[in-house]
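# The following comprises the amino acid sequence and a computationally predicted model.
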Amino acid sequence: MKVLLGVGGSDLSYRALDETLTRAAETGDDLTVAIYENEDADDDVETVARRVRERLEESGVEATIRRIEGSSPGSDLVNIAESEEFDRIVLGGGNRSPLGKIQLGSIVEFVLLNAQTPITLIR
Amino acid sequence: MTRTYPDDPADAFPRPPRTFTDGEGREVEVVAADAADTEDLVEMYLDFNPEDRAQGIPPVKDEAIRKWLDVILGDDCLNVVARHDGDAVGHATLVPDNEDEHELAIFVLQAYQGAGIGTALVETLLGHGQEQGIEQVWLTVERWNEPAIALYEKVGFETSNAESFEVEMAIRL
C-alpha cells in the first residue's frame, strides 16, 4: 500500500509516525513522510525533520521524506495524495481540551473534509 | 491562539445554592460540588444517554468516568450539580486551561432536558465563577447543536471562532 503520512510536530503526529513505522515494518508499505510546520505544535519544521529522520533510522524502515513549505499543509497533503495516487493518508489528531473534549486541529480537519483518499486518524 | 472575548463583562449571575421549579414542575436545587460528590456523579453519568455525548465526553465506562471526574472535580476547578429528590440530574464544570482562562461544559440527564435546568446550571456556575474571581470563560459546541448554542447565547456567550467543526464561544465575567 502506498501511504502518505503527515507529521507537523504535535505529540499525536509523532505517535502516528511510530504506529505507521511499526505497521510498515510488517507490511512493507511504500511510505512517504510529509513534514510541515503546524502552528498549533511546539516543534518547528527543522526539529520535526530531525525527529522523523531519527525515528526512521531506529526503525530500519525505508521511507521518503519530503517537506511541505506552503502555508496550507492540509491542502498540499490532499493534492499530493491525489496527484500521486496514494492509497491512504495517515495523520495524528484529536487532542483533549482541559476538560477532556476531543478537538481536531485545522490541518486534520481540512484533510478529513477535502480528501478523496481514505484517511486513517491516529488518536 | 488568542481567543476573542466580549468587550464588556456580563452582569452578576445567581450564585449557588439556589432552588427553583423547572419547566416540568419539579423542585430542583443547584449547589456547589467537589470531589465529595464523586459517587453521585458517577451514578448520573452511568445513566447518561450515549447519544448526548459530545466530543468524547462524558466517558461511558465506570472506570473512565471516575478518571475524568478526578480531573474536573479537582481543587482548581469549579463545579455545580443540579439535584432532584437528592439525585444528581445535571452537572456543570469550569476547568482552568494554561492561560488562566476556564473551559465550561454542562450535562443534563435526558429526562431532565428542555426544562430550564441547563440554563440554571450555566448561570449558577458563572455566578460561582464570579464569586471566585474568574474573568474569562470559553466553551466549544458542535455546530449542529442549535439548542445548546441558543442557550449559551441567551446567557451572554458570544461566538469567538466558527471556522472549525466546533463553534467556540466566550464570555467575560
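It's in. Residues are numbered from 1 along each chain as shown, chains lettered A, B, ... in the order given.
# contacts and neighbour counts: CA atoms only from here.
Noted.
# Let's see the pLDDT reported for B:Met1.
B:Met1 is assigned a predicted lDDT (pLDDT) of 54.
# Sorry, wrong one. I was asking about A:Ser106.
In this model, A:Ser106 carries a pLDDT of 89.
# helix, strand or coil for the nearest residue to it once chain neighbours are set aside?
Leaving out its chain neighbours, the residue that sits closest to A:Ser106 by CA to CA, 6 or more residues apart in numbering or on different chains is B:Ser164, at 7.0 Å. Classification of B:Ser164 using DSSP: H, G, I helix; E, B strand; the rest coil returns coil.
# For B:Ser164, the count of nearby residues, please.
Residues near B:Ser164, counting by other CA atoms under 10 Å in any protein chain shown, number 15.
# Likewise for B:Glu63?
So B:Glu63, with other CA under 10 Å, has 11 neighbours.
# Packing partners of the longest helix that chain A contains?
In chain A, with assignment by DSSP state H, the single longest helix is helix A:11-27. Under the contact definition 3 or more CA pairs under 8 Å, 6 or more residues apart in numbering or on different chains; DSSP states H and E, helix A:11-27 sits against strand A:2-7, helix A:45-59, strand A:88-92, strand A:119-122.
# relative to helix A:45-59, how tilted is that helix?
Angle of helix A:11-27 versus helix A:45-59, following axes from the mean of the first three to the mean of the last three CA atoms, to 10 degrees, is 30 degrees.
# Which of the residues in the very next helix or strand once past helix A:11-27 are classified as buried?
Tracing the chain C-terminally past helix A:11-27 and defining elements by DSSP states H and E, one meets strand A:30-35 next. Buried residues in strand A:30-35, counted by 16 or more other CA atoms under 10 Å in any protein chain shown: A:30-35.
# try stretch A:63-83
Going by 16+ other CA under 10 Å, stretch A:63-83 has these buried residues: A:63, A:65, A:68, A:73-74, A:76-79, A:81.
# Tell me which residues touch the residue in chain B that chain A sits nearest to, please.
For chain B and chain A, the shortest gap (CA to the nearest CA) falls at B:Gln55, measuring 5.0 Å. By CA atoms under 8 Å, 6 or more residues apart in numbering or on different chains, B:Gln55 lies in contact with A:101-103.
# Can you point out the buried residues in the longest helix of chain A?
Buried, per 16+ other CA under 10 Å, within helix A:11-27: A:11-18, A:20-21, A:24.
# same deal with stretch A:106-119?
Buried residues in stretch A:106-119 (16+ other CA under 10 Å): A:106-112, A:115, A:117, A:119.
# Put together CSV for the contacts of B:Gln55, with neighbour count, pLDDT and distance to chain B on each row.
What follows is the contacts of B:Gln55, written out as CSV (neighbours: other CA atoms under 10 Å in any protein chain shown; pLDDT from 0 to 100; distance: CA to the nearest CA, whole Å):
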residue, neighbour count, pLDDT, distance to chain B
A:Lys101, 19, 93, 5
A:Ile102, 16, 90, 5
A:Gln103, 18, 87, 7
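# and those residues as JSON lines, adding secondary structure and distance to B:Gly74?
Below are these laid out as JSON lines (DSSP: H, G, I helix; E, B strand; the rest coil; distance: CA to CA, whole Å):
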{"residue": "A:Lys101", "secondary structure": "coil", "distance to B:Gly74": "17"}
{"residue": "A:Ile102", "secondary structure": "strand", "distance to B:Gly74": "20"}
{"residue": "A:Gln103", "secondary structure": "strand", "distance to B:Gly74": "22"}
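# For B:Val155, state which of these is nearest.
Nearest to B:Val155 among the contacts of B:Gln55, counting by CA to CA, is A:Lys101 at 21.6 Å.
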